[in-house]
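>>> could you work out the structure for the sequence below:
(chains A, B, C and D)
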There are 2 protein chains.
Amino acid sequence: MPETPRRTDRLSGTRYGNRPTMKDVAARAGVGLKTVSRVVNGEPGVTPETERRVQEAIDALGFRRNDSARVLRKGRTASVGLVLEDLADPFYGPLSRAVEEVARAHGALLINGSSAEDPDRERELVLALCARRVDGLVVIPAGDDHRYLEPELKAGVATVFVDRPAGRIDADVVLCDNFGGARDGVAHLIAHGHRRIGFIGDMPRIHTAAERLRGYRAAMEDAGIPVKDSWMSLGVTDPERVRRATEEMLADPHPVTAVFTGNNRVTVTVIRVLAEHSRRVALVGFDDIELAELLRPGLTVVAQDAAALGRTAAERLFRQLDGALVTPERIELPTRLITRGSGELPPAD
Amino acid sequence: MPETPRRTDRLSGTRYGNRPTMKDVAARAGVGLKTVSRVVNGEPGVTPETERRVQEAIDALGFRRNDSARVLRKGRTASVGLVLEDLADPFYGPLSRAVEEVARAHGALLINGSSAEDPDRERELVLALCARRVDGLVVIPAGDDHRYLEPELKAGVATVFVDRPAGRIDADVVLCDNFGGARDGVAHLIAHGHRRIGFIGDMPRIHTAAERLRGYRAAMEDAGIPVKDSWMSLGVTDPERVRRATEEMLADPHPVTAVFTGNNRVTVTVIRVLAEHSRRVALVGFDDIELAELLRPGLTVVAQDAAALGRTAAERLFRQLDGALVTPERIELPTRLITRGSGELPPAD
DNA sequence: CTCGCCTTTGACAACGTTGTCCAGGCTCTA
DNA sequence: TAGAGCCTGGACAACGTTGTCAAAGGCGAG
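Prediction:
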């Protein structure tokens, strides 16, 4: 069933207040409507004296141009939308800020929304942004089918997917090297003598989680280590379940001697659990964490640069808008292994 | 000099693509314009058969309602603006998310912008949001004169200031108890035997910084301890200068035995500096920090609830919009002292 | 069979701005 | 002094939607 733009409104009905319009300004200044428009937009062809009169009327009335009407005429909104998972997550804050900075450099505002990892909510947000006629969209997808965006792409809405690829649609994508980063992180543990290595990550339906899992498997296979099912815990991110998963891995008669964690939230909980145990378990986490170097031991991580992701995506967005209509591309940014101690602990068996 | 709404546009000129309008849908479905409008808005009075035809046309053309035109007619945008200092700061992420959640519950989208602590940029952002006719504004002020908002308030734009009070204008404000929190934090250090206590904070022109400094002074005075100028470092937040300020306090012949830090960024740097010294210096920081309990010693903080600030402000915003036009109020949320070790170290002299 | 009422549908104006185009007044030149 | 050309200012339509109102058609009651 194709998409419908139908929506119900909570905010409908009467307007809030009555703001002065250009007509009011024109009346007060004793000039024509278009003259006010010219003054407001700094267009030439207005006598200094006339301009002064208009300016006075503007200030006296507290006039502000109504951009909705302007957009209606001009067709551009000078705003871009950003849909991400959760603005409160320390990974997305810097990403969002980076997009905002690029947008600002191009004179555009940023509207952002959190999908809470819910595909329906993602779609709802994206369509709301399209209804507002944002010039461009940066999307960190929650869902895996974005065919609903086909009309927008056809209509020329610039679109870039970030952190995870678009589903069933051909579009620009900016990713981290999740596979390579995870593989390197796990290989690092193997190089320090570990053979029984646990993996705790998110649901494999999330692209990043799947790639990191694949990296884990690849590193293990490269080293000729068969992976046991009990070493892997997938689809687990809330603190309570991460805690339980970690405890179970440690309680095994042949327990893991190292753990690779699939994202910052998991890492934080695992650190807490490990801190309660006497046995020293090595740890490498995906995503960097503030103060990681002040922990005992310091936390070794595979770091990705959230701001670079956002900046790269936004720059590509505006290149699309500038008409450099290159064909959709897949850009992959490198990750960086930062060793601080926790990943260099020897196996304790 | 009063305000002018003049702006220059980077994005102007031709529209991007041609999107189908209701007229196109009507033509294709062989019905009138208004009937399409009715279907799109779920209004009653349309035969199922007619509705089906319209729906087919909508799907075939990929029509999306243009909210700019809609806003122009209806007068409400169902969007609120949030201006804060820096979205990448871990304090503002949760705050922004909280505002978004409340907005979402009221069917509104959130537009946010970072002022980078620059009053001109704050004003520019706020006015851009007003031009877009946001229904409401949540502002974390960078400047101290908000008279430029008078026309908006008069026009009925709901406005709430957060974290810092509005300047020279009468408006709703939601604050933390910065004074009380800082006083309690410093009193906590005094209760643990400290008399020479340092204070490192932001410029006193920032309200929160001034209040926290006032709290520090009050606690010292309550304990009858005269404060030395060399114990206070104001207007210092970048890591390099915080580092130097801390080193200087410690190098004194009669060095401070404890430090109170005025915000999370300062705290993080001071922790790093203290970790490099053998002498044990007590530390209490304003703002909580993730993993604070895993440091050695655990970090004692005066915690403020950023999400609660955002939620409270947004709820008040929508109560304004719902017409519960109470007079402007000043709401102060409590802070919470969380003891984890660093604030309970005895003086080492 | 006619009248009146209800349901479904569409024509039209209005929202506030900008682009187009023309009018009026001025200056400059022949 | 007349004509050409320029500069300033304004009238008007258009952008895409929604609210108002009226027309057309169907149905039941008298």
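>>> close to DNA strand D: what parts of chain A are there?
Contact residues (CB under 7 Å from any atom of the strand) of chain A with DNA strand D: A:12, A:26, A:30-35, A:44-47, A:49-50, A:69, A:72-73. C-beta: built from backbone N, CA, C; applies to glycine.
>>> which of those residues are buried?
Neighbour counting with 16 or more other CB atoms under 10 Å in any protein chain shown marks A:26, A:31, A:35, A:46, A:50, A:69, A:72 as buried within the residues of chain A next to DNA strand D.
>>> shouldn't the third one be within a helix?
Yes. Assessed by DSSP: H, G, I helix; E, B strand; the rest coil, residue A:35 belongs to a helix.
>>> tell me the pLDDT at it?
According to the prediction, residue A:35 has pLDDT 93.
>>> go on, the first one?
The model reports residue A:26 with a pLDDT of 94.
>>> so it is in which element?
Using DSSP states H and E, residue A:26 maps to helix A:22-29.
>>> is that helix up against DNA strand C anywhere?
Yes. Using CB under 7 Å from any atom of the strand, helix A:22-29 reaches DNA strand C at A:22-23.
>>> got a list of contacts for that helix?
A:32-33, A:35-37, A:40, A:50, A:53-54, A:56-58, A:60-61, A:63, A:65 (CB atoms under 8 Å, 6 or more residues apart in numbering or on different chains).
>>> neighbours of the closest residue to DNA strand D within the stretch 201-349 of chain A, how many?
Relative to DNA strand D, the nearest point of the stretch 201-349 of chain A is residue A:321 (18.6 Å; CB to the nearest atom of the strand). A count of nearby residues for residue A:321, using other CB atoms under 10 Å in any protein chain shown, gives 20.
>>> that one is in contact with residue A:137, isn't it?
No. Using CB atoms under 8 Å, residue A:321 is not in contact with residue A:137; the gap is 11.1 Å.
>>> give me the common contacts of these two.
With CB under 8 Å, 6+ apart, residue A:321 and residue A:137 have common neighbours residue A:158.
>>> so where do the strands sit in the stretch 201-349 of chain A?
Using DSSP state E, counting those that start in this stretch, the strands of the stretch 201-349 of chain A run over A:232-233, A:258-261, A:282-286, A:300-303, A:330-333, A:336-338.
>>> now render the buried ones among the residues of chain A next to DNA strand D as a markdown table, adding secondary structure and distance to residue A:340.
Formatted as a markdown table, those follow (DSSP: H, G, I helix; E, B strand; the rest coil; distance: CB to CB, whole Å):
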| residue | secondary structure | distance to residue A:340 |
| --- | --- | --- |
| A:26 | helix | 66 |
| A:31 | coil | 68 |
| A:35 | helix | 65 |
| A:46 | coil | 63 |
| A:50 | helix | 67 |
| A:69 | helix | 56 |
| A:72 | helix | 55 |
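>>> where does chain A have low pLDDT?
A:1-17 (pLDDT under 70).
>>> which parts of it sit against DNA strand C?
Checking chain A against DNA strand C by CB under 7 Å from any atom of the strand, the hits are A:18-19, A:21-23, A:33-34, A:37, A:40-41, A:63, A:65-66, A:69-70, A:72-74.
>>> helix, strand or coil for residue A:166?
State at residue A:166, reduced to three classes by three-state DSSP: coil.
>>> that one touches residue A:173, doesn't it?
Yes. Counting by CB under 8 Å, residue A:166 touches residue A:173, with 6.2 Å between them.
>>> any residues in contact with both of the two?
By CB under 8 Å, 6+ apart, no residue touches both residue A:166 and residue A:173.
>>> coming back round to it: list the buried residues for the helix holding residue A:26?
If you call a residue buried by 16+ other CB under 10 Å, then helix A:22-29 has these buried ones: A:22, A:24-26, A:28-29.
>>> what's the answer for stretch A:327-344, then?
Buried residues in stretch A:327-344, counted by 16+ other CB under 10 Å: A:328, A:335, A:338, A:340-344.
>>> with stretch A:282-301 instead?
Across stretch A:282-301, burial judged by 16+ other CB under 10 Å covers A:282-289, A:291-292, A:294-295, A:298-301.
>>> how far is that stretch from where the chain is centred?
Relative to its parent chain, stretch A:282-301 has a centroid offset of 22 Å by CA atoms, centre = their mean, to the nearest Å.
>>> mind exporting the C-alpha coordinates of it to CSV?
Below are the C-alpha coordinates for stretch A:282-301, written out as CSV (Å, rounded to 0.1, in the frame of the first residue of the first chain):
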residue,chain,number,x,y,z
ALA,A,282,40.2,-7.1,29.0
LEU,A,283,37.8,-4.8,27.3
VAL,A,284,37.7,-2.9,24.0
GLY,A,285,34.7,-0.8,23.2
PHE,A,286,33.3,0.6,20.0
ASP,A,287,32.9,4.4,20.4
ASP,A,288,35.0,6.7,22.5
ILE,A,289,33.9,7.9,25.9
GLU,A,290,34.8,11.0,27.8
LEU,A,291,37.3,10.5,30.6
ALA,A,292,38.1,7.0,29.2
GLU,A,293,41.8,7.7,30.0
LEU,A,294,41.1,8.3,33.7
LEU,A,295,39.5,5.0,34.4
ARG,A,296,41.7,2.2,35.9
PRO,A,297,42.7,0.7,33.6
GLY,A,298,42.2,3.3,30.9
LEU,A,299,39.6,2.3,28.4
THR,A,300,40.8,1.0,25.0
VAL,A,301,38.3,1.9,22.2
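>>> list the contacts for residue A:19?
A:63-64, A:66, B:151, B:155.
>>> element containing the residue in the stretch 151-300 of chain A positioned nearest to chain B, please.
Nearest to chain B, among the residues of the stretch 151-300 of chain A, is residue A:151, at 2.5 Å (CB to the nearest CB). Assigned by DSSP H and E, residue A:151 belongs to helix A:150-155.
>>> got the contact list for the residue of chain A found nearest DNA strand D?
The minimum distance from chain A to DNA strand D, using CB to the nearest atom of the strand, falls at residue A:32 (2.7 Å). Going by CB under 8 Å, 6+ apart, residue A:32 touches residue A:26.
>>> just to revisit the earlier point, the residue of the stretch 151-300 of chain A closest to chain B contacts residue B:60, doesn't it?
No. Assessed by CB under 8 Å, residue A:151 is found out of contact with residue B:60, at 10.0 Å.
>>> between the two, which one's more packed in?
Remark: of residue A:151 and residue B:60, residue A:151 carries more neighbours, 20 against 13, as counted by other CB under 10 Å.
>>> so where do the helices sit in the stretch 201-349 of chain A?
With DSSP state H, counting those that start in this stretch as the criterion, the stretch 201-349 of chain A has helices at A:207-222, A:239-251, A:264-275, A:306-321.
>>> what comes into contact with the last one?
Applying CB under 8 Å, 6+ apart, the contact partners of helix A:306-321 are A:80, A:91-99, A:101-103, A:106, A:135-138, A:158-163, A:172, A:174, A:176, A:326, A:329, A:331, A:333, B:11, B:16, B:88.
>>> so which bits of it are buried?
By neighbour count with 16+ other CB under 10 Å, helix A:306-321 contains the buried residues A:306-318, A:320-321.
>>> skipping adjacent residues, who's closest to residue A:190 in space?
Leaving aside its chain neighbours, residue A:190 sits nearest to residue A:223 (4.8 Å; criterion: CB to CB, 6 or more residues apart in numbering or on different chains).
>>> check contacts around that neighbour.
By CB under 8 Å, 6+ apart, residue A:223 lies in contact with A:187, A:190, A:195.
>>> and the closest residue to DNA strand C within the stretch 151-300 of chain A, how many neighbours?
Nearest residue of the stretch 151-300 of chain A to DNA strand C: residue A:156, at 18.4 Å (CB to the nearest atom of the strand). Neighbour count of residue A:156, defined by other CB under 10 Å: 18.
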